[in-house]
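Engineer: Would you be able to build a 3D model of this:
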Amino acid sequence: MNMKEIDGVAIGGGGVSGSGPGSSNGGGPSASGPNAGSGSSGIPECEVHYCDLSEDVRSIALQQSRQAFQAKERSDYLYWQQCAQQIKTELDKAVGPTWHVIVGASFGAFVAHEVGHCFYASIGQMKVLAYKHG
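Structural biologist: Next up, the predicted model:
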């Protein structure tokens, strides 16, 4: 199992090679593409640090991360846990269980994940780590 450390978060998954097309950080594809920008909504740019997801699942993860960020900014959510719960619930519905989601301004993590099921990104001060295991 290869392990990667990105912004203090170590990510490992069976069979992850440590390099991928478009990778600038030793992880999966970079944040370029149609799902990475902020659009005209005023949301800060979503920076994908590591992504080992299919395009469909990546799109869901980005969409849910943006929605959670907006809810926190509007004070609909008071706690990071509420953001994580929303993202996890939607990923479980769309892709199937069992997703684990960590959200916050600063955290450390050391995780193993199923191949093709890990996402680490930031939007403004919010960092999101989502991975499937089990």
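
Engineer: The residue nearest to Ala121 when sequence neighbours are not counted: neighbour count?
Structural biologist: Among residues not flanking Ala121 along the chain, Val48 sits closest, at 4.6 Å (C-beta to C-beta, 6 or more residues apart in numbering). (Each C-beta comes from the backbone N, C-alpha and C, glycine too.) Val48 has 25 neighbours, counted by other C-beta atoms under 10 Å.

Engineer: what's the spacing between Val48 and Ser54?
Structural biologist: As judged by C-beta to C-beta, to the nearest Å, Val48 and Ser54 stand 14 Å apart.

Engineer: surely the residue nearest to Ala121 meets Ile123?
Structural biologist: No: under the criterion of C-beta atoms under 8 Å, Val48 makes no contact with Ile123, lying 10.1 Å away.

Engineer: where do the helices sit along the chain?
Structural biologist: All helices of the chain, identified by DSSP state H, fall at 55-73, 80-95.

Engineer: what's the nearest residue to Gln81 if we skip its chain neighbours?
Structural biologist: Among residues not flanking Gln81 along the chain, Val103 sits closest, at 7.6 Å (C-beta to C-beta, 6+ apart).

Engineer: Show the contacting residues for the one you found.
Structural biologist: Residues near Val103 by C-beta atoms under 8 Å, 6 or more residues apart in numbering: 68, 80-81, 83-84, 87, 126-129.

Engineer: For ChimeraX, write the selection for the buried entries among the residues you listed.
Structural biologist: Applied in ChimeraX, the following selects the buried portion of those according to 16 or more other C-beta atoms under 10 Å:
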select :68,80,83,84,87,126,127,128,129
